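A.B. asks: would you be able to build a 3D model of this:
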Amino acid sequence: MWQEGVHEDWLRFGHPVAERIVDRRTRIESYAPGQLFALVRWAANDYGTVRSTLDIVRAVGRADAFSTVPQVDPGGELLLSVRGWPRARRVLALIDAVEAAGTDACEAAPDYWRHVYNRLAAGLEPRAYAPGRHRVWLRRRKLWP
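C.D. replies: Here you go, the predicted model:
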């Protein structure tokens, strides 16, 4: 959903398998189980920002356990969730760093996003997503699809 300067929700990364445009400001995207996406939600009023969140979610299948996430139906596996623009900006910078290193953020290891969440929650600096870590994730994913 997008209403310039008032209510702006957008996907920072994700490769949807289907998309439906409802109107000029709204679209619905669908993801296959296991796919990762990042949802940024921001809203403001006459006095400034009233909400800014960033969630990194893994789409789930019908039989999988899931967390309810606003605007994600039915929900997903919540890998990272931050509130407040300073934390959201920090995560956006980490996403940019993953992509600058040559890895699609959608293909990064879900464990990395959990690591980022836990380190930020503890007030610590997250480790960089190294190419070696990504190679290990790709090998592990082949073993356990």
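A.B. asks: was I right to think Gly14 contacts Gln35?
C.D. replies: Yes: with contact taken as Cβ atoms under 8 Å, Gly14 and Gln35 are classed as touching, separated by 7.0 Å. Heads up, the C-betas are built off the backbone N, CA and C, glycines and all.
A.B. asks: okay, and the common contacts of those two?
C.D. replies: Residues touching both Gly14 and Gln35 (Cβ atoms under 8 Å, 6 or more residues apart in numbering) are Cys106.
A.B. asks: quick one, strands of the chain?
C.D. replies: In the chain, the strands defined using DSSP state E lie at 2-3, 7-13, 18-23, 26-30, 36-45, 48-58, 67-69, 72-83.
A.B. asks: now those as TSV including mean pLDDT?
C.D. replies: Written out in TSV, the entries for the strands of the chain read as follows (pLDDT from 0 to 100):
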stretch	mean pLDDT
strand 2-3	61
strand 7-13	86
strand 18-23	91
strand 26-30	88
strand 36-45	89
strand 48-58	87
strand 67-69	87
strand 72-83	91
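A.B. asks: got those strands as a markdown table, with mean neighbour count and distance to Pro131 columns?
C.D. replies: Output for the strands of the chain, formatted as a markdown table (neighbours: other Cβ atoms under 10 Å; distance: least, Cβ to Cβ, whole Å):
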| stretch | mean neighbour count | distance to Pro131 |
| --- | --- | --- |
| strand 2-3 | 12 | 35 |
| strand 7-13 | 15 | 18 |
| strand 18-23 | 9 | 31 |
| strand 26-30 | 13 | 29 |
| strand 36-45 | 18 | 18 |
| strand 48-58 | 18 | 20 |
| strand 67-69 | 14 | 30 |
| strand 72-83 | 17 | 20 |
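A.B. asks: could I get those as JSON lines with distance to Arg89?
C.D. replies: Putting these into JSON lines (distance: least, Cβ to Cβ, whole Å) gives the following:
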{"stretch": "strand 2-3", "distance to Arg89": "19"}
{"stretch": "strand 7-13", "distance to Arg89": "12"}
{"stretch": "strand 18-23", "distance to Arg89": "27"}
{"stretch": "strand 26-30", "distance to Arg89": "23"}
{"stretch": "strand 36-45", "distance to Arg89": "10"}
{"stretch": "strand 48-58", "distance to Arg89": "9"}
{"stretch": "strand 67-69", "distance to Arg89": "20"}
{"stretch": "strand 72-83", "distance to Arg89": "9"}
